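Undergrad: Build me a structure from this.
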Amino acid sequence: MTILNRRQMLTLTMAAGAVSLDRGHAWGAAYPEKPVRMIIPIAAGGQTDVVARLLQNTIDKKKLLPQPIAIINNAAAGGSTGTRQVRDSEPDGYTVGMFHMGLLTAPAMGVVDYDHSAFELIGQVGRTQVGMGALADGRFKTIQDVLSEARAKPDTVTVAMNIGLLPHFVPLMFQQDAGVRFRYVQAGGGAVRLKSLLGKHTEISLFSGPELLLYEPQGIKPLVIFSEERAPELPHVPTAREVGANTVFEERIIAFAPKGMPKDRIDIIAAALRAAMEDPELVERYKGLGIDRVFIDGAKLKGILDGLKGPINRVSEVVRNAKAEQESRK
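TA: The predicted structure is shown next:
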């Protein structure tokens, strides 16, 4: 071999190595090489935040990723600031988010102009039932009492809600299905809505199944659950279908990322979340919280959420009509 050929061989070898290193970096062979930010668009202490922190702790403790996950709460503007922060981040895999069905309901209620399709869906990491409750020593003892009053006196039964999110959206869906009209009062997150009911500022509100269980000893009576069947933890609470309203809706906890995040990095995060959910300690924590431990990958989840846009858009039409009616009264 001549000296020239040896130099050519050396050059080719170095070039091949450089391509290999570059390809390894580009496709995330060592990903993540630094902490991953997880934006939670709600205040600390809410159900989604609790689940996110349980997953974070398990992933870090079990070394399911080579770098830790750093949780950042950003609840401003009903969560829209946090989801926008994820949407506008670089899709390099170092910013992800975890939220609930507000990804669909917020745009339907006109709070934001984007929905789940503006993101890469990593997967669903939990599911809970939702229902409505009232003050135990208040005037409503059953959901039939609520509906009877709302039919007799429209716009008088007060609902504590959080505009644009499930506590606003699901009661709107329920009132449409039941043929009644409620009066809505902005409150905030679950703890704030609880105070609103206990302080007798409002009469009913939407809560997750775990919240209904938690708040029952504090004086909240569960009235109705919006699931296909009665909740095992609340066997005495009827479904909406049992009282003549075809309202079925579940809360889903969703991990998502900026549009364009490489699939291999999405798969790495998804695998870590799925593995964390199989940890025996976390299995028990999910049970204790009343959360269904159901992981659904991003592709399948997208199909489910796409299918929900129909009923969600139906309720958004109710909102538009209500706004138009309010404007006509001015």
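Undergrad: can you give me the helices for the stretch 201-330 of the chain?
TA: Applying DSSP state H, counting those that start in this stretch to the stretch 201-330 of the chain gives helices spanning 209-215, 263-277, 280-289, 298-329.
Undergrad: Show me what the second one is packed against.
TA: Helix 263-277 is packed against helix 47-61, strand 119-135, strand 250-258, helix 280-289, with contacts defined by 3 or more CB pairs under 8 Å, 6 or more residues apart in numbering; DSSP states H and E. Quick note: C-beta positions are derived from backbone N, CA and C, even for glycine.
Undergrad: From Glu149, how far out is Asp155?
TA: Asp155 sits 11 Å away from Glu149, going by CB to CB, to the nearest Å.
Undergrad: now swap in Ile69 and tell me
TA: From Ile69 to Glu149 the distance is 47 Å (CB to CB).
Undergrad: For these two, indicate the residue with more neighbours.
TA: Counted by other CB atoms under 10 Å, Ile69 and Glu149 do not tie: Ile69 has more neighbours, with 23 against 16.
Undergrad: that older thread, specify the stretch among the helices and strands packed on helix 263-277 that is closest to Thr105.
TA: Among the helices and strands packed on helix 263-277, the nearest to Thr105 by CB to CB is strand 250-258 (10.5 Å).
Undergrad: Could I get the average pLDDT for that closest one?
TA: The pLDDT scores in strand 250-258 average 95.
Undergrad: Let me see the contact set for Val170.
TA: Contact analysis of Val170 by CB atoms under 8 Å, 6 or more residues apart in numbering lists 130, 206, 226, 247, 249.
Undergrad: Dump the residues you listed into a markdown table; add distance to Leu289 and neighbour count as well.
TA: Below are the contacts of Val170 laid out as a markdown table (distance: CB to CB, whole Å; neighbours: other CB atoms under 10 Å):
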| residue | distance to Leu289 | neighbour count |
| --- | --- | --- |
| Val130 | 14 | 23 |
| Leu206 | 18 | 28 |
| Phe226 | 18 | 25 |
| Thr247 | 24 | 22 |
| Phe249 | 19 | 23 |
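Undergrad: So Gly82 sits against Arg37, correct?
TA: No: counting by CB atoms under 8 Å, Gly82 does not reach Arg37; the two are 11.2 Å apart.
Undergrad: Looking at those two, which one has more neighbours?
TA: Gly82 (23 against 16).
Undergrad: Save the helices and strands packed on helix 263-277 as TSV, and put in distance to Asp92 too.
TA: As requested, these are arranged in TSV below (distance: least, CB to CB, whole Å):
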stretch	distance to Asp92
helix 47-61	19
strand 119-135	12
strand 250-258	8
helix 280-289	28
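Undergrad: so which of those gets nearest Tyr184?
TA: Nearest to Tyr184, of all the helices and strands packed on helix 263-277, is strand 119-135, at 12.9 Å by CB to CB.
Undergrad: Next SSE downstream of the closest one?
TA: Downstream of strand 119-135, the next assigned helix or strand under DSSP states H and E is helix 143-152.
Undergrad: Lowest average confidence across the helices and strands packed on helix 263-277, which one?
TA: When those are ranked by mean pLDDT, helix 280-289 comes last with a mean of 91.
Undergrad: what distance separates that helix from the middle of the whole chain?
TA: Distance of helix 280-289 from the chain centroid (CA atoms, centre = their mean, to the nearest Å) equals 19 Å.
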